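Participant: Give me the fold of what follows.
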Amino acid sequence: MERSALLALAKNNAQNINDTDVFVWLHSDLETAQEIGNLRECSDILNSLGELSKIRGKYQNALSYFQSSLEISIIIGNQRMQSKATTFIAEIHATMQNFAQSIDCQQKVIAIKKDIGDIRQEKNLMRELGETYRKWGDYIRKTKLTNMHEKDYLEILDYQQRSAEILREVDDPWGESMSLASLGMTCYVWGAYEKAVDYYHKSLAVSKTVLHSVPDSGNIHPQHVYFNGVAAPEKLNLTGIAAAYLAWKNYPKAIEYYKKVLSIVRSNKNSQEEVSLLITLGDLYTKLGDYNAAIVCNQQHLDIVQQNQY
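Facilitator: All right, here's what the predicted structure looks like:
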């Protein structure tokens, strides 16, 4: 069986394919390639070993294989092979949440693509770089959620702003929208509610520019365009705005935006989320002394509970 076919079966967890056997076969191929001095083949086999190790969750082993492949490609002086191995290394670092190392590798790959004139790949790699910056910021925010200092807050903003700028440059509006929403969440967690509202509004505006785009066209990802007929980022951003106004104690504005979220939830026929929003709205109306509106919300949520037997 050819190595590419064998690797494909192993990746798909095909029956009768044992991990140990695959690694033995690949190492046997590697030894043969080393004996005849075929360095290009050695690099390819090491990449295959790295891919299989990554799929099986053995990230340190995968990293070692990919780094060995990179060393060989540097000796050969083949930039495309260097780019391939370095891309694999970047992916492993990102998976292991070593974002600084991942970004360093991505930037090296981008430099190679520029050098060899691969403009199309350069743009795709810039998009991935922007997404990695966003993931890095999101990761720090989650780890510092209950103990965030100003230094952490500013660092997160820096990464997420870089992400939004890069994705704007490569004309990825959905990616830019998600980065702006991440900025909104970071400001919300920090308590900068006015800034949070501003970022969420910017995210909403960007996402709406491609609201009616064909799902499978260009850089638009289908899962980002529609969610049961409604643009997914719209609900995310409206919820963020409502939550920021609530924390800011601007209850009328919080009600305004929670009602918009409620409309989306109802169109999606998500009764559990509808109950949660009606309870929130009922509490807000109570805070404002609008007891009639609060009673209406409470009655509606009780009706749903009874109908669905929650």
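
Participant: What's the local residue count around R80?
Facilitator: 12 (other C-beta atoms under 10 Å). C-beta here means a position set from N, CA and C on the backbone, and glycine is covered the same way.

Participant: Tell me the predicted confidence for it.
Facilitator: We have a pLDDT of 92 for R80.

Participant: Also E51?
Facilitator: 90.

Participant: repeat for R3
Facilitator: Reported pLDDT for R3: 59.

Participant: what do you get for L246?
Facilitator: Taking L246 on its own, its pLDDT is 97.

Participant: Any buried residues in the strand or helix carrying Q299, and which?
Facilitator: Using DSSP states H and E, Q299 sits in helix 291-308. Across helix 291-308, burial judged by 16 or more other C-beta atoms under 10 Å covers 293-294, 297-298, 300-301.

Participant: Can you tell me which of the residues you listed is closest to L46?
Facilitator: If you rank the buried residues of helix 291-308 by distance to L46 using C-beta to C-beta, H301 comes first, at 58.9 Å.

Participant: Would you mind confirming that D152 makes contact with K142?
Facilitator: No - D152 is beyond contact range of K142, at 11.3 Å (criterion: C-beta atoms under 8 Å).

Participant: These two: who's more crowded?
Facilitator: A direct count of neighbours by other C-beta under 10 Å for D152 and K142 places D152 higher, at 16 against 9.

Participant: For A247, see how far away the more buried one is.
Facilitator: As judged by C-beta to C-beta, to the nearest Å, D152 and A247 stand 19 Å apart.

Participant: H149 now?
Facilitator: From H149 to A247 the distance is 19 Å (C-beta to C-beta).

Participant: swap in F88?
Facilitator: The value you get for F88 to A247, if C-beta to C-beta is used, is 42 Å.

Participant: Comparing those two, which shows the higher neighbour count?
Facilitator: Just comparing F88 and A247: by other C-beta under 10 Å the higher neighbour count belongs to F88, 23 against 14.

Participant: where's the more buried one, which helix or strand?
Facilitator: helix 79-95.

Participant: Would you mark the buried spots in that helix?
Facilitator: Neighbour-count burial for helix 79-95 flags 79, 81-94 (criterion: 16+ other C-beta under 10 Å).

Participant: and which of the residues you listed is nearest to K113?
Facilitator: Using C-beta to C-beta, the buried residues of helix 79-95 come closest to K113 at S83, 6.6 Å.

Participant: Tell me how far F88 lies from V189.
Facilitator: 34 Å.

Participant: now do Q97
Facilitator: Distance from Q97 to V189, by C-beta to C-beta: 19 Å.

Participant: the more surrounded of those two?
Facilitator: Of the pair Q97 and V189, V189 is the one with more neighbours under other C-beta under 10 Å, namely 18 against 11.

Participant: Give me the distance from the helix or strand hosting that one to the chain's centre.
Facilitator: If you go by DSSP H and E, V189 is part of helix 173-190. Distance of helix 173-190 from its chain centroid, counting by C-alpha atoms, centre = their mean, to the nearest Å, is 12 Å.

Participant: Quick check: which ranges of the stretch 201-310 of the chain have low pLDDT?
Facilitator: For the stretch 201-310 of the chain, applying pLDDT under 70 flags the ranges 211-232, 310.

Participant: again, only using 80
Facilitator: 210-232, 309-310 (pLDDT under 80).

Participant: That one: helices as residue ranges?
Facilitator: Using DSSP state H, counting those that start in this stretch, the helices of the stretch 201-310 of the chain run over residues 222-225, 232-247, 251-267, 271-287, 291-308.

Participant: Indicate which one of these is closest to A205.
Facilitator: Of all these, the one in closest proximity to A205, counting by C-beta to C-beta, is helix 232-247 (9.1 Å).

Participant: Show me what that closest one is packed up against.
Facilitator: Other helices and strands packing on helix 232-247, by 3 or more C-beta pairs under 8 Å, 6 or more residues apart in numbering; DSSP states H and E, are helix 173-190, helix 193-208, helix 222-225, helix 251-267.

Participant: need the ones you listed in TSV with distance to K108, can you?
Facilitator: TSV is the format used below for the helices and strands packed on helix 232-247 (distance: least, C-beta to C-beta, whole Å):
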stretch	distance to K108
helix 173-190	21
helix 193-208	30
helix 222-225	29
helix 251-267	42
